[in-house]
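[1] Have a look at this prediction, sequence included:
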Amino acid sequence: MKELSLHVYDLLENSIAANATLIELTIHESIKDNIYAFTIKDNGKGMSPEFLAKVTDPWTTTRKTRKVGIGLPLIKMNTELCGGGMKIESVLGKGTTLYFWFQHDHIDRPPMGDIAGTIVMLCSQYQNIRFVYKHITDNDEFIFDTEEIKEALDGMPMQDVSIMKYLKEMIEENLKEIGSSQ
């Protein structure tokens, strides 16, 4: 995948498939500390220690439609090629936390891409899931919480095209304001 937002989309879909009702995405980008880090935490079904031990093998998947799962192996490979790494913690029945990071200034680090579009698309598609997106830079932080958004919308559907456009623009403006290197 050529953009990090596409990796994020794929990995958040894993949390959705694990029946999570709360998914938290934190992106921490620091030029000062030379890190571009992502944490995805969910309260889904979690993984057994046996499955967790082999989850980065492309031949390991829970899907019934195909026999390969490349999301985690691909992000692991990309991070390692860019001076970073990946850690996964999971407890069966409790949820999973995925942490992966890149060297911020690495020449091969993929660009972020359309993270605002990714967040809005998932939030509007899965309105029964609470998404909390936190983006931290050296300057400040921005938090997008669907619980707060739903309250502000007062019953208006998030999948309405004009609302999706507004939310995407709001996220982009806030990311620009905190100095994100989109």
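    Looks like it came in fine.
[2] Output the longest helix anywhere in the chain as CSV, nothing but the C-alphas.
    If you go by DSSP state H, the chain has its longest helix at helix 161-177. Taking C-alpha atoms only, helix 161-177 is exported to CSV below (Å, rounded to 0.1, in the frame of the first residue of the first chain):
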residue,chain,number,x,y,z
VAL,A,161,-22.9,13.3,2.0
SER,A,162,-22.9,17.0,3.1
ILE,A,163,-22.1,15.9,6.7
MET,A,164,-19.3,13.6,5.5
LYS,A,165,-17.8,16.5,3.5
TYR,A,166,-18.1,18.8,6.5
LEU,A,167,-16.4,16.3,8.9
LYS,A,168,-13.6,15.6,6.4
GLU,A,169,-12.9,19.3,6.0
MET,A,170,-13.1,19.8,9.8
ILE,A,171,-10.5,17.0,10.4
GLU,A,172,-8.2,18.4,7.6
GLU,A,173,-8.4,21.9,9.0
ASN,A,174,-7.6,20.7,12.5
LEU,A,175,-4.6,18.6,11.3
LYS,A,176,-3.3,21.6,9.5
GLU,A,177,-3.7,23.8,12.6
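[3] Show me the contact partners of stretch 174-181.
    29, 31, 104, 112, 115-116, 135-142, 144, 182 (C-beta atoms under 8 Å, 6 or more residues apart in numbering). No exception for glycine: its C-beta is placed from N, CA and C like everyone else's.
[4] Can you list the buried residues in the longest helix of the chain?
    Neighbour counts using 16 or more other C-beta atoms under 10 Å place Ile163, Met164, Leu167, Lys168, Ile171, Glu172, Asn174, Leu175 of helix 161-177 among the buried residues.
[5] ok, the residue nearest to Lys45 when sequence neighbours are not counted - contacts?
    Nearest-residue entry for Lys45: Ala18, 4.9 Å, with adjacent residues in sequence omitted and distances by C-beta to C-beta, 6 or more residues apart in numbering. Going by C-beta under 8 Å, 6+ apart, Ala18 touches Asp42, Gly44, Lys45, Gly46, Gly95, Thr96.
[6] Which of those fall in helices?
    Among the contacts of Ala18, no member falls in helices (DSSP H).
[7] Show residues contacting stretch 159-173.
    115-117, 119-121, 123-125, 127, 133, 142, 144, 149, 153, 156-158, 182.
[8] Could you tell me which of the residues you listed belong to helices?
    Using DSSP H, the contacts of stretch 159-173 in helices are Ile115, Ala116, Gly117, Ile119, Val120, Met121, Cys123, Ser124, Gln125, Ile149, Leu153.
[9] and Leu122, how many residues sit next to it?
    21 (other C-beta atoms under 10 Å).
[10] For it, give its distance to Leu98.
    Remark: distance between Leu122 and Leu98 (C-beta to C-beta, to the nearest Å) = 16 Å.
[11] what ranges of the protein fall below the confidence cut-off?
    Applying pLDDT under 70 to the chain flags the ranges 1, 57-69, 182.
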